[in-house]
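*Asks:* Provide a 3D model corresponding to the input given below.
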Amino acid sequence: MKIIKLKPFIADYMWGGHRLCDTYGLEPSQIAAEAWVFSAHADGQSILAEGDDAGMPFGEWLKTQKDVFGKKAKIEPGFGAPILCKFIDAERSLSIQVHPDDAFARQHENSPGKTEMWYILDAAPGAYIYYGLKEDVTADQLREGMSSGRITEMLNKVYVKPGEAFFIEAGTVHAIGAGILICEIQQSSNVTYRMYDFGRLGTDGKPRALHIDKAAACTWLTASAGRSTIEELPCESGKAELLAECGYFRSVKYTLQAGETLRLCADEESFLSLIAVSGNGRIAAGEEADEVGFGDSFFVPAGAGEVVLTTDSELGIIVSEAGRE
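*Replies:* Okay, here's the model as predicted:
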């Protein structure tokens with residue numbers, strides 16, 4: 001099997017919306033805050049969609065396989081896969097938060113850290129994110145900002161539009177604002193420290209817990225630019241944009257128009273994760289082929305060889321592989 005289609009795990013967090021319901025055949029009234037379309041994490045596994053192993057959780061299937069991620073991939077024992085990919089529908093703003101790096105997360109959470117990338121798929125007029133500190137602060141100033149709610153005054157408020165990408169390195173304060181739909185590529189980790197929650201109550205009617213001490217200990221206290229950076233890459237067919245490149249993953253968005261063909265190769269060095277973010281088309285590897293539409297996710301094991309994507313109209317797809325140091 002060279003092309004493995006995955007169905008997502010759906011998370012119904014309180015801030016989520018309904019825009020992913022049609023995509024994944026859910027009830028229109030259901031909250032689909034996140035669709036984990038490429039996940040072997042114990043908190044929410046994708047499911048094999050087709051073939052003899054259809055219905056098996058991705059992480060369980062991986063236990064039956066060998067060397068499917070390639071030589072370059074960083075695999076944390078017990079966390080199934082080197083990356084986790086998801087769609088996020090923020091109908092309401094998420095909390096102000098931070099993710100720890102590997103060293104801090106291993107020490108305090110028995111987990112890898114969480115560096116991530118956001119690709120903006122849709123944004124309501126005036127929608128914004130919080131991304132990094134405006135200026136340097138001390139840990140005590142950060143704690144005071146979390147406790148008083150003045151932390152938002154310390155952050156870059158960045159208005160966003162579709163087609164932008166933001167690399168959120170572990171230790172960077174951030175939050176997704178209301179009205180934004182995102183495709184996120186991240187380390188396979190679910191460790192989040194909530195810094196401020198706008199006074200909201202959880203499903204139990206009580207304020208959701210803040211993680212002030214841990215957040216202050218793992219946050220970068222220096223100012224950051226808070227801007228989108230995308231690099232256009234040479235491409236034989238279609239358009240290629242480098243969204244993020246780090247030691248954990250490399251993500252490129254390809255856009256094909258009618259009649260254009262994209263050829264990729266899953267060699268022995270790395271797997272490929274392919275996530276359709278617009279349009280429709282077709283994916284093929286050898287004699288295996290499948291239709292591709294928005295929200296679809298495919299895993300191509302390392303060593304599987306050439307993968308070919310085509311479209312009769314338009315196709316946007318984010319291709320991720322193991323990172324480069």
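
*Asks:* from here on, just use CA atoms for contacts and neighbour counts.
*Replies:* OK.

*Asks:* what's the distance between the longest helix belonging to the chain and the middle of its chain?
*Replies:* Using DSSP state H, we find that the single longest helix of the chain is helix 139-148. Offset of helix 139-148 from its chain centre (CA atoms, centre = their mean, to the nearest Å): 28 Å.

*Asks:* now stretch 191-210
*Replies:* 22 Å.

*Asks:* pLDDT on that stretch, on average?
*Replies:* In this model, stretch 191-210 carries a mean pLDDT of 92.

*Asks:* again with stretch 73-93
*Replies:* The average pLDDT for stretch 73-93 rounds to 92.

*Asks:* start to end distance for it?
*Replies:* For stretch 73-93, the first-to-last residue distance is 33 Å (CA to CA, to the nearest Å).

*Asks:* do the same with stretch 301-318
*Replies:* Taking CA to CA as the measure, stretch 301-318 stretches 16 Å from start to finish.

*Asks:* show the average pLDDT along that stretch.
*Replies:* Mean pLDDT, stretch 301-318: 97.

*Asks:* next, the buried residues of that stretch.
*Replies:* For stretch 301-318, burial by neighbour count (16 or more other CA atoms under 10 Å) applies to 301-305, 307, 309-311, 314-318.

*Asks:* can you tell me the helix or strand for the most centrally placed residue in the chain?
*Replies:* Centroid-nearest residue in the chain, with CA atoms, centre = their mean: E184, separated by 2.1 Å. Using DSSP states H and E, E184 sits in strand 180-187.

*Asks:* what number of residues lie near the closest residue to L20 other than its chain neighbours?
*Replies:* Leaving aside its sequence neighbours, L20 sits nearest to A32 (CA to CA, 6 or more residues apart in numbering; 6.1 Å). By the criterion of other CA atoms under 10 Å, A32 has 28 neighbours.

*Asks:* in contact with A32, which residues?
*Replies:* I10, A11, D12, Y13, G16, G17, H18, R19, L20, C21, D89 (CA atoms under 8 Å, 6 or more residues apart in numbering).

*Asks:* quick one on the thing from earlier: right, and the residue nearest to the centre of the chain touches E116 too?
*Replies:* Yes - if you go by CA atoms under 8 Å, E184 and E116 touch, sitting 6.8 Å apart.

*Asks:* between these two, which contacts overlap?
*Replies:* Shared contacts of E184 and E116 (CA under 8 Å, 6+ apart): none.

*Asks:* what helix or strand does W61 sit in?
*Replies:* Following DSSP H and E, the helix or strand that holds W61 is helix 58-62.

*Asks:* now swap in A276 and tell me
*Replies:* Since the elements are taken from DSSP H and E, A276 ends up inside strand 272-285.

*Asks:* got the angle between that strand and strand 180-187?
*Replies:* Strand 272-285 and strand 180-187 are oriented at 100 degrees to each other (axes from the mean of the first three to the mean of the last three CA atoms, to 10 degrees).

*Asks:* pull the residues that contact strand 272-285.
*Replies:* With CA under 8 Å, 6+ apart as the test, strand 272-285 has contacts from 2-3, 38, 121, 183, 266, 289-302, 305-322.

*Asks:* ok, now which ones touch the residue nearest to A302 when sequence neighbours are not counted?
*Replies:* In space, and not counting its chain neighbours, A302 is closest to F271: 4.1 Å by CA to CA, 6+ apart. With contact taken as CA under 8 Å, 6+ apart, F271 is in contact with V68, F69, G70, F299, V300, P301, A302, G303, E321, A322.

*Asks:* at 6 Å what do you get?
*Replies:* F69, G70, V300, P301, A302, E321 (CA atoms under 6 Å, 6 or more residues apart in numbering).

*Asks:* same check, this time on T219
*Replies:* T219 neighbours (CA under 6 Å, 6+ apart): G171.

*Asks:* rerun that using 8 Å as the cut-off
*Replies:* The contact partners of T219, by CA under 8 Å, 6+ apart, come to V98, H99, P100, G171, T172, V173.

*Asks:* for the protein, what spans make up the helices?
*Replies:* For the chain, the helices defined by DSSP H occupy 58-62, 102-109, 139-148, 212-218.

*Asks:* let's have the ones you listed in TSV, adding distance to A81 and mean neighbour count.
*Replies:* Listed next are those as TSV, based on distance: least, CA to CA, whole Å; neighbours: other CA atoms under 10 Å:
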stretch	distance to A81	mean neighbour count
helix 58-62	8	19
helix 102-109	15	14
helix 139-148	33	16
helix 212-218	24	19
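
*Asks:* from D122, how far off is the residue nearest to A302?
*Replies:* For F271, the distance to D122 equals 28 Å [CA to CA].
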